[in-house]
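K.L.:
Below are the sequence and a predicted model; questions follow.
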Amino acid sequence: MSGRPMPCDIKELSTLFLFEKLDAEQLGRLCGEGRVELFEPGHVYEEGEPATCFFVLLEGTLVMSRRVGGDDVEINRTSQRGVYAGAMQAYLAAPEEARYKGSLRVTEPSRFFILPAETFSAVLREWFPMAVHLLEGLFFGSQNTQRTIGQRERLLALGSLSAGLTHELNNPAAAAVRATSALRGRVAGMRHKLGMIAAGPYARDALETLVEIQERTAEQVAKATPLSPLEASDREDALGDWFDDHGISGGWELAPTFVQAGLDIDWLDQVAATVDDGTLEGAIRWLNYTVETELLMNEIEDSTTRVSNLVNAAKQYSQLDRAPYQVADVHELLDSTLMMLAGKIGSGVRIVKDYDRSVPRIPAYPGELNQVWTNLIDNAASAMGGEGTLTVRTALEREQLLVEFRDTGPGVPEEIRGRIFDPFFTTKPVGEGTGLGLDISWRIVVNKHHGHLQVHSEPGDTRFQVFLPLTAEEPDPEPGSRPDSAPDSEPRSAPGSELVAESPTESTTASTSTGSDTPQEAS
């Protein structure tokens, strides 16, 4: 939207903190190459348009906003004279390559001094060459530092996950090895016992019945239901008494195995009715080998299934052999991340899954969403100190998919709540955090998926909420990638970013800031 031309007053420009140190010749050049316009309530420029101008508020009220999903989120509202917006980083790239990263509107008739981006870049380089070099060095140096530390953050997370996965794989693998070794001994004992039975005084009919009981025993082991410790103890005592009554020595060693297999006195009575007293003990011990063999094979199956599930979870987590952009089930992503982080979370944290299974699959970058879940779950576990409850909830809210991580930790203090998404900001001790986990999560959710990330916190109830759109948008480039013919810059600090300065001090800060579109930086 274009405004109504107004006269440019050099004296008025000299009263603004941006221009108060300029001489008359410099102010005259600004008035000569720039212009003053009056805008009626409405948009001055909109997000995504070419960043062609640098705006300085002379009079009125402006509102800055960013588009998040389908909504415009207000970032800043001010009436202070001298605040600026628009192509304020035009000196970093050719003006035709920059676009407004947000929208600017006015709520009342407002006057702006407007300088074309080309002129703004030229006067900065001509009047303040050293300052421009310093700003460029700080800007790109910060981006390179952030990228390097971000890679280090990912490597640290990968190392932690690898250690956790190794630990998780070690338990079932070791169990399978132990069970296989024990199984070899049981099978050898069964062969030996079978030879003794074959050479013993068993009638043909008795042997056939005994083999039939063996088959039914194997089936019973597969169907056995777990008993409570009290129930198991009572049944072991009953079986032990039965063995004693029938003259079978060492019955207290046999009883736990039979109870675990779901066998009871009725089953033992069937065996006793099949053979005579002289061969009963041999038959019982032979069937004991059958039970032990089935139990060991069940243990091996459970262990190898656990290993397979962990491998599948690792593939799901890393999105190995999958397209980076696809339609994904967010619950599968959450489950794989929780499984990968189980060792790191610890047994003292209770995991509650409050999933709304009716939510649809969404177009997303699953591997990067897993990184978001990792950062948020890791932060929650760290905040709770290994003790508490982590609730992971999904739902549909405001026509978006909500993924919420709620922990029972001490909460985020109000005085730092506005800074937690800032790059390099961390409350962890030196060496334990880089301060980029939440910043990376913000970039993935907001810049990559056009969603929204917010936090609500009070002692005992901290909730990080991720809102993701249900419909596909044009896939964005990887954060930190190089656009064609554009400088190496992160999405939140690209040329043309519309930071607003509130004072001379904030002006300096804004010009060298690494981001402008996070809620905490716009307060």
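P.N.:
Happy to help now that I have it. Residues are numbered from 1 along each chain as shown.
K.L.:
Can you pull the poorly scored residue ranges out of the stretch 51-200 of the chain?
P.N.:
68-71, 89-97, 131-133, 135-171, 190, 193-194, 196-198, 200 (pLDDT under 70).
K.L.:
What strand or helix carries the residue nearest to the spatial centre of the chain?
P.N.:
Central residue of the chain (CA atoms, centre = their mean): residue 373, 1.3 Å from the mean position. If you go by DSSP states H and E, residue 373 is part of helix 366-384.
K.L.:
Which of the three states applies to residue 247?
P.N.:
coil (DSSP: H, G, I helix; E, B strand; the rest coil).
K.L.:
Surely it and residue 284 touch.
P.N.:
No - contact criterion CB atoms under 8 Å: residue 247 and residue 284 do not qualify, at 10.7 Å. C-betas here are computed from N, CA, C, even on glycine.
K.L.:
out of these two, which sits in the busier spot?
P.N.:
For residue 247 versus residue 284, neighbours defined as other CB atoms under 10 Å are more numerous around residue 284 (19 against 10).
K.L.:
doesn't residue 5 fall inside a strand?
P.N.:
Yes - checked against three-state DSSP, residue 5 lies within a strand.
K.L.:
can you count the residues close to it?
P.N.:
Number of residues near residue 5 (other CB under 10 Å) recorded here: 10.
K.L.:
does it have beta-bridge partners, and which?
P.N.:
residue 37 (DSSP bridges).
K.L.:
Pull up the per-residue confidence for it.
P.N.:
Note for residue 5: predicted pLDDT of 88.
K.L.:
circling back: CA atoms only: put the helix holding residue 373 into CSV for me.
P.N.:
What follows is helix 366-384, C-alpha atoms only, in CSV (Å, rounded to 0.1, in the frame of the first residue of the first chain):
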residue,chain,number,x,y,z
PRO,A,366,9.6,-36.6,10.2
GLY,A,367,13.3,-36.8,10.9
GLU,A,368,13.4,-33.1,12.0
LEU,A,369,10.2,-33.5,14.0
ASN,A,370,11.9,-36.3,15.9
GLN,A,371,14.7,-33.9,16.7
VAL,A,372,12.1,-31.5,18.1
TRP,A,373,10.6,-34.3,20.3
THR,A,374,14.1,-35.2,21.4
ASN,A,375,14.9,-31.7,22.5
LEU,A,376,11.6,-31.2,24.4
ILE,A,377,11.6,-34.6,26.1
ASP,A,378,15.2,-34.2,27.1
ASN,A,379,14.5,-30.8,28.6
ALA,A,380,11.5,-32.1,30.5
ALA,A,381,13.5,-35.1,31.9
SER,A,382,16.3,-32.8,32.9
ALA,A,383,14.0,-30.3,34.6
MET,A,384,12.4,-33.1,36.6
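K.L.:
Quick one: the strands in the stretch 251-400 of the chain, in order.
P.N.:
326-328, 349-354, 362-364, 388-397, 400-407 (DSSP state E, counting those that start in this stretch).
K.L.:
does the residue nearest to the centre of the chain really touch residue 331, like I thought?
P.N.:
No - counting by CB under 8 Å, residue 331 is not a contact partner of residue 373; they are 11.2 Å apart.
K.L.:
Excluding residues flanking it in the chain, which one is nearest residue 225?
P.N.:
Nearest non-adjacent residue to residue 225, counting by CB to CB, 6 or more residues apart in numbering: residue 262, 6.5 Å away.
K.L.:
number of nearby residues for residue 457?
P.N.:
By other CB under 10 Å, 19 other residues sit near residue 457.
K.L.:
One more: residue 120?
P.N.:
Neighbours of residue 120 (other CB under 10 Å): 24.
K.L.:
Same check on residue 226?
P.N.:
With other CB under 10 Å as criterion, residue 226 counts 8.
K.L.:
Backbone torsions only: list them for it.
P.N.:
In terms of degrees, to the nearest 10, the main-chain angles of residue 226 are phi -60, psi 140.
K.L.:
Distance of residue 416 relative to residue 438?
P.N.:
As judged by CB to CB, to the nearest Å, residue 416 and residue 438 stand 12 Å apart.
K.L.:
Many thanks, I have nothing further to ask.
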